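Engineer: Mind folding the following:
(5 chains)
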Amino acid sequence: MDLATIIGIFGGFALVLGAIAMGEGSSFFINIPSVMIVFGGTFGASLIHFSLKDVVTVIKVTVKVFTAAKISYDNTIERLVKLAEKARREGVLSIEREMEGISDSFMRSSIQYTIDGTQPETIRAIMDIELANLKDRHRLGQSIFIAMGAYAPAFGMIGTLIGLIQMLQTLEDPTKIGVGMATALVTTFYGVVSANLFFLPIAGKLYNRSREETLQKELVVEGILAIQSGDSPRIVREKLLTYLSPTHRRRV
Amino acid sequence: MDLATIIGIFGGFALVLGAIAMGEGSSFFINIPSVMIVFGGTFGASLIHFSLKDVVTVIKVTVKVFTAAKISYDNTIERLVKLAEKARREGVLSIEREMEGISDSFMRSSIQYTIDGTQPETIRAIMDIELANLKDRHRLGQSIFIAMGAYAPAFGMIGTLIGLIQMLQTLEDPTKIGVGMATALVTTFYGVVSANLFFLPIAGKLYNRSREETLQKELVVEGILAIQSGDSPRIVREKLLTYLSPTHRRRV
Amino acid sequence: MDLATIIGIFGGFALVLGAIAMGEGSSFFINIPSVMIVFGGTFGASLIHFSLKDVVTVIKVTVKVFTAAKISYDNTIERLVKLAEKARREGVLSIEREMEGISDSFMRSSIQYTIDGTQPETIRAIMDIELANLKDRHRLGQSIFIAMGAYAPAFGMIGTLIGLIQMLQTLEDPTKIGVGMATALVTTFYGVVSANLFFLPIAGKLYNRSREETLQKELVVEGILAIQSGDSPRIVREKLLTYLSPTHRRRV
Amino acid sequence: MDLATIIGIFGGFALVLGAIAMGEGSSFFINIPSVMIVFGGTFGASLIHFSLKDVVTVIKVTVKVFTAAKISYDNTIERLVKLAEKARREGVLSIEREMEGISDSFMRSSIQYTIDGTQPETIRAIMDIELANLKDRHRLGQSIFIAMGAYAPAFGMIGTLIGLIQMLQTLEDPTKIGVGMATALVTTFYGVVSANLFFLPIAGKLYNRSREETLQKELVVEGILAIQSGDSPRIVREKLLTYLSPTHRRRV
Amino acid sequence: MDLATIIGIFGGFALVLGAIAMGEGSSFFINIPSVMIVFGGTFGASLIHFSLKDVVTVIKVTVKVFTAAKISYDNTIERLVKLAEKARREGVLSIEREMEGISDSFMRSSIQYTIDGTQPETIRAIMDIELANLKDRHRLGQSIFIAMGAYAPAFGMIGTLIGLIQMLQTLEDPTKIGVGMATALVTTFYGVVSANLFFLPIAGKLYNRSREETLQKELVVEGILAIQSGDSPRIVREKLLTYLSPTHRRRV
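Structural biologist: Numbers count the residues shown, from 1 in each chain, chains lettered A, B, ... in the order given. Below is the predicted model of the structure:
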């Protein structure tokens, strides 16, 4: 479970709601038509921009952001070094028996190719295609949230324009100007808050997750190819550590 | 038919119109000079930016967005695996007889090259040029909608500036200020709504369509080359599945 | 002559001027100091940004945008196929006699290299340098218009700021506020209109022209190299058609 | 210690605070809810966008910006030339004894690979991976500050919207309008100042630091490989000087 | 001396100052606190973003922009063709005697490498590194002006916010509103003018200078390598002319 995301969202909303509660007229900030324009409009624009399936996927992805386990480069390296030790002692084919304990399907298929005796350049080519397509799919998820983060403030502005135009027609009664403008601005408020406390940061999180997952998969490819070429466990570890920061290396 | 696009556009406009109808003075939102400035100006700027032919093409493209059949990677893979089976059993040349049933002209020409005995690298080179030029043409369509999505709010602002300047000259009668400003803002409203509920999301849809079509064509090239090189149907399927997401693979 | 550009500019300005004429106080929109700030400022900033020679070139380029003949891929392909036929029948050297009828200097020099017996890879290398430098020069023209399209609204804002500051000092007489603000806003109006109906769309047109010219020149290089390598006219045509859209191909 | 950064931040804030102190009502600029919304919101959004660990790292990075020693290309070149002299006189293996005096771990590991007799292309490949991963980690640090520099003004705007909406509801008492709007604008002020005097310039500094560190490491790789290939100290120096500006070269 | 830059800056400022002088209250536009916030703040942020040395370099660079001699491709080509003639007549080594008359240090070192008998690919590799590092240093200069062009309007906005907040607190006396707002807006005016008449156009000029200088240096590398490979003066000239526009070629 990703605590930072949860703290960030809850903390951010608590702050904004706290600031609202500290002033007068909090009930003003609840406005159904504003909700409908901002979130309905953003959802509608996203349905046109992407496909129904992609937008539905977003819900799954959002859940995953909150629940996914942290990626551990150390565990990946440990496991690969152990496979290298086994391969050294008992031959490359012996690592087949280790496959049962491995849940990572990317690592499993890399090992399978090695056992099948596939050429190193072929393994790397296949894995590169798979990585490129993985990044592509990740990018789709990010681009949905980025698009939503751009549409939400735009629909906020649309709602505010509607409110302003309606209010300005009845300018005869000056006492109503304030309330009219306040209502109009609530829609902009919804658009800016949802973009900056949800859509854009989640897009950023997906980008960073993708970066971590890709790096972890590159470690796997590099490690398996080193094992296949008969590198000693020490060299496998050293090769993989060049991918990590010096601070990280010292810790391992 | 692309339901998501239709739901998105109709739903989005229904929401915006609903919000207008809920307030007073809905008739205010219909303003012929505003329509002329925003859509006439956007169309004029697009005619300068692109050519008459390109802008006319856009109408065809828009129709296609609403009517085009969904691209199915599964069907493409199934068809290629069947061709691989036939090629295995009866020789590569036998797949010529299958060509009649294939409507996809890209797949047909790939097969034709294979039957003609063209070298694999030559086939890939030709197909790469064709793919690059296809992406280029797609990009032109997207760029027209992106340009329109930028010009529309700009002409909305131009209309609002005209309205404001005209209104400000007659400031002596303060009761008319509200109506004047409301009228001026309607043009901005048109520009922002058309950009965010039509031009920009359609540009996005075209981008995503292009991505899907390109991926499907890459599957075809990869599959035909695998068949030519004598890969077994199982390997053809496996090679192609690396292009899809793991969830997708399990389904196939 | 490029009708679309002329229709776009005249139509766009007619719409904007029509909207002005429909309201009161049209004479207000003619303001010499505003013209000086927006166009003088934009010209001054462009002189700093680029060089005097480059900015003067822009005038030539603008004239060319309105008068240049449309690029025809079909004519280019037809001509190359005819050269291929002649080369087939009478030998590659025979195409020298065709050079007189060719006005395109790029095609002439490609043919000259072929007749001189230059190696294919050398021809491609020279032509690639020439294409890269052509694109670079085109990009300079585009970047001048893009810069002007960014400076014009900025100087519009500068003029409006000057007007607002001058007006705000004399706020004692409230009847003058409206006229002062209207005058101030006219400068912003000039900046936004000139950017969106002239500078930015012309930059776009130059980009699209460059794309077309580059594609046509790529057809020439591809075609001449195919002729040199002895390809049959049918294969030359087929190779070149992969660069065009399927709809286009059927027409040829 | 990086004096420029300290002068920049303190000088910048002194100027802004001075301008505030010169006017009336300085106490107005201290507003706890505004601080909470801008910095709490920015921190919350960053926690979602990145991970807790990454955001904590930022504090370390910020400290490093103020305290890190300046990178000296001259020292690096001097040291490499001295190693080249030693290698010339006493053989490549002799430079092992110099390693103790070298604190730069990147240079140490390059030397180690050379002594181990690793192939030049292997050394370059390993070092390129390490450099690519170093740049990647640097980019993460920069991207956190850039994100904060975008979130801070957005939360400033959110705070101002909250203040405006609350103020507009109580418009009946016109004497309070000014104070309400002033309070609302303070939040925007916080967002814009923190972005432009802290987050964005620090992101820039990190980018420039990264550029310098990368160039210095490229000098090390180039120099060690030149030493390994037996280049004379004069040639090592000349090769390395091509990386520096002519003015710099004359100084060395 | 670069006349265009001087005409651009002086002409631009003359226009803006003229527009100010034509209205009332010109003295209003001179405001010391505004100058301090905009230029002090921009300078402070730049000191953090870059280093003291880099920001000082900017002053030198600015002077160079106004005084540097125009780069002449024709002179460069003429000189290289003459070297080619000499090399044809008297052997490559004879061009050593020409070196004294050459002030361009880049051309001198290219010739030196040729005389030393360095391999062509080595010369190109060294020259490519030097060109890449030159572009990098140029980019730093540009990025400082681009950053200043972004900070200046931001600090203009900060100053205006400070002024507005101070003014709004004393709203009781409505006659002072105008003067307060006018003063506040002067800071924005400073930020926008300095960005659009100085920082951004100078950044553009540096970019264009860099492009010209790089192209000239590419001509030198290409020419020297052609001379080394024994090309005739006619071929050297032809090779170099492919880098220039057709109009330019006809002139040479």
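
Engineer: tell me the contacts of the closest residue to chain C within the stretch 1-150 of chain A?
Structural biologist: Here the stretch 1-150 of chain A gets closest to chain C at one residue, A:A150, 20.2 Å apart by Cβ to the nearest Cβ. (Glycine included, C-beta is placed from N, CA and C.) Contact analysis of A:A150 by Cβ atoms under 8 Å, 6 or more residues apart in numbering or on different chains lists A:A195.

Engineer: Whatever helix or strand it lives in vs helix B:120-169, what angle?
Structural biologist: Following DSSP states H and E, one finds A:A150 within helix A:120-169. On the basis of axes from the mean of the first three to the mean of the last three Cα atoms, to 10 degrees, helix A:120-169 is oriented at 10 degrees to helix B:120-169.

Engineer: interface residues of the stretch 1-150 of chain A facing chain B?
Structural biologist: The stretch 1-150 of chain A comes close to chain B at residues A:33, A:36-37, A:40-41, A:43-52, A:54-55, A:105, A:126, A:129-130, A:133-134, A:136-137, A:140, A:147, as judged by Cβ under 8 Å from any Cβ of the partner chain.

Engineer: Got a PyMOL select line for the buried ones in these?
Structural biologist: One line in PyMOL is enough to select the buried ones among the residues of the stretch 1-150 of chain A next to chain B; burial here means 16 or more other Cβ atoms under 10 Å in any protein chain shown:
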select buried, chain A and resi 33+36+37+40+41+43+44+45+46+47+48+49+50+51+54+55+126+130+133+134+140+147
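
Engineer: ok, for A:V55, nearest residue in space, not its chain neighbours?
Structural biologist: A:S46 (5.4 Å; Cβ to Cβ, 6 or more residues apart in numbering or on different chains).

Engineer: To clarify, my last question referred to A:A154.
Structural biologist: According to Cβ to Cβ, 6+ apart, the nearest residue to A:A154 is B:N196 (4.4 Å).

Engineer: and the one you found, how far is that from A:I48?
Structural biologist: In this view, B:N196 and A:I48 are 10 Å apart by Cβ to Cβ, to the nearest Å.

Engineer: low pLDDT regions in the stretch 1-150 of chain A?
Structural biologist: Across the stretch 1-150 of chain A, the ranges flagged by pLDDT under 70 are A:1.

Engineer: what about the strands in chain A?
Structural biologist: For chain A, no strands are identified by DSSP state E.

Engineer: Stretch A:37-53: end-to-end distance?
Structural biologist: Distance across stretch A:37-53, first residue to last, is 22 Å (Cα to Cα, to the nearest Å).

Engineer: ok, and what's touching it?
Structural biologist: By Cβ under 8 Å, 6+ apart, stretch A:37-53 touches A:55, A:140, A:144, A:147-148, A:151-152, A:154-156, A:158-159, A:162, A:187, A:190-191, A:194, B:2-5, B:7-9, B:11-12, B:15-16, B:19, B:70, B:196-198, B:200-202, B:204-205, B:208.

Engineer: What is the burial count for A:V35?
Structural biologist: Per other Cβ atoms under 10 Å in any protein chain shown, the neighbour tally for A:V35 reads 15.

Engineer: And the pLDDT at the closest residue to it other than its chain neighbours?
Structural biologist: Counting by Cβ to Cβ, 6+ apart, A:V35 lies nearest to A:Y190, which is 6.6 Å off, once chain neighbours are set aside. The per-residue pLDDT reported for A:Y190 equals 96.

Engineer: show me the contacts for A:I165.
Structural biologist: A:I165 touches B:G25, B:F28, B:F29, B:A182, B:L185, B:V186, B:F189, counting by Cβ under 8 Å, 6+ apart.

Engineer: Which of these sits closest to E:I111?
Structural biologist: For those, the residue nearest E:I111 by Cβ to Cβ is B:F189; the value is 67.0 Å.

Engineer: which residues does the nearest residue to that closest one once chain neighbours are set aside contact?
Structural biologist: Nearest non-adjacent residue to B:F189, counting by Cβ to Cβ, 6+ apart: A:L161, 4.5 Å away. Under the criterion of Cβ under 8 Å, 6+ apart, the neighbours of A:L161 are A:A184, B:L185, B:T188, B:F189, B:V192.

Engineer: Quick one: these as a markdown table, columns for neighbour count too.
Structural biologist: Below are the contacts of A:L161 laid out as a markdown table (neighbours: other Cβ atoms under 10 Å in any protein chain shown):
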| residue | neighbour count |
| --- | --- |
| A:A184 | 23 |
| B:L185 | 23 |
| B:T188 | 25 |
| B:F189 | 26 |
| B:V192 | 20 |
